[in-house]
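Participant: what's the 3D shape of this:
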Amino acid sequence: MGIKRFNARSAGSRFKTVSTFEEIDKNAKPEKSLLVTKKKTGGRNVYGRITTRHIGGGNRQHYRVIDFKRDKRMVPAVVDSIQYDPNRTANIALLHYVDGEKRYIIAPLDLKKGDKIIAGENVEIKIGNAMPLSVVPVGSMVHCIEMQPGSGAKIARSAGMYATLAGRDSGYAILKMPSGETRRVPETCYATIGRIGNLDHELVSLGKAGRKRHMGVRPTVRGVVMNPCDHPHGGGEGKSPVGFASPVTPWGKKTLGYKTRKQNKPSNRFIVSRRKK
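Facilitator: Purely as a prediction, here's the structure:
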């Protein structure tokens, strides 16, 4: 998928870029049986209090129900279309199974309309096929990986992402994660062969603040330009430094580089080497 640029006919189009959507089937419409109403919260909880800042507005959307478990085993399916999903960076593929059921999956790179895919233990090593990590060849690129058997995909689900199967050891598969971390996962967990498509998503430039508002993201204001009553960084005459040993959140907690992962987290034993700094 390429990137389209615009002439600077206005301030908003000067740096604006969009995807050309070459992978998308332009005539395909969302499958109504797989659409769910998406309710907006404005970042507020059940009491009406803002618990998550910078959320509000945005275009109306329907959520597409994605099959992250791939639990329809040994039933062939045909790719009906590749579609756009407003809820994620990756594209999605609509599958028509031979028994008549329809499901959405995350669309891998080079998966096309008319391709046949399947999920199961003894299936072909082919892009879009899902299988346990125990039968995936070492060195393969995989995505939509489970962390626990049957829990559904948790790892490598966004545009362009993949993990590499580095080896196996004592019932565990060793994965090199997108972050650079090396981690052990039970080899009975399912994963999908290939890399997720829409690689050029990271090259898209919004160009103006309004496009961010269309996504439901409200403005973020720096703490140093606030008043002292609103943020610990605020106050002072003109531009002033933070005034702390390290930057803090509006509630006084350390941030920007401060490690928040628990030292004795139970899943630490599955991490072989930490992510790149």
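Participant: Now do the helices in the stretch 51-200 of the chain.
Facilitator: Assigned by DSSP state H, counting those that start in this stretch, the stretch 51-200 of the chain shows no helices.
Participant: thought residue 155 was touching residue 148?
Facilitator: No - judged on Cβ atoms under 8 Å, residue 155 makes no contact with residue 148 at a distance of 11.3 Å. Any C-beta I mention is one placed from the backbone N, CA and C, and that applies to glycine too.
Participant: neighbour count winner among the two?
Facilitator: Neighbours per residue (other Cβ atoms under 10 Å) separate residue 155 from residue 148, with residue 155 holding more: 21 against 11.
Participant: mind listing what the more buried one touches?
Facilitator: Residues near residue 155 by Cβ atoms under 8 Å, 6 or more residues apart in numbering: 143-147, 163, 175, 177-178, 185.
Participant: again, but for residue 84
Facilitator: 21, 24, 91-92.
Participant: Per-residue pLDDT of residue 168, please?
Facilitator: pLDDT, residue 168: 94.
Participant: which residues touch the nearest residue to it once chain neighbours are set aside?
Facilitator: Once flanking residues are discounted, residue 168 sits nearest to residue 187: 5.9 Å by Cβ to Cβ, 6 or more residues apart in numbering. By Cβ under 8 Å, 6+ apart, the contact set of residue 187 is 132-134, 168, 171-173.
Participant: just to revisit the earlier point, now, which of the contacts of residue 84 sits nearest residue 64?
Facilitator: residue 92 (6.0 Å; Cβ to Cβ).
Participant: in the sheet, who's paired with that closest one?
Facilitator: In this structure, residue 92 bridges to residue 83, residue 106 when assessed by DSSP bridges.
Participant: where along the stretch 51-200 of the chain do the strands fall?
Facilitator: For the stretch 51-200 of the chain, the strands defined by DSSP state E, counting those that start in this stretch cover 62-64, 77-83, 92-97, 102-106, 116-117, 130-132, 141-143, 145-146, 153-155, 163-169, 172-176, 182-186, 190-193.
Participant: what lines up beside the last one in the sheet?
Facilitator: It refers to strand 190-193. Strand pairing for strand 190-193, determined by DSSP bridges: strand 130-132 (antiparallel), strand 141-143 (antiparallel).
Participant: ranking those strands by burial, who's on top?
Facilitator: Of the strands paired with strand 190-193, the one with the most neighbours on average (mean count of other Cβ atoms under 10 Å) is strand 141-143, at a mean of 23.
Participant: Name the residues that touch it?
Facilitator: Contacts of strand 141-143 (Cβ under 8 Å, 6+ apart): 106, 108, 133, 136, 153, 155-157, 161-165, 175, 191-196.
Participant: Are any of those buried, and if so which?
Facilitator: 106, 108, 133, 136, 153, 155-157, 161-163, 165, 175, 191-196 (16 or more other Cβ atoms under 10 Å).
Participant: and residue 224, what are its phi and psi?
Facilitator: phi -70, psi -20 (degrees, to the nearest 10).
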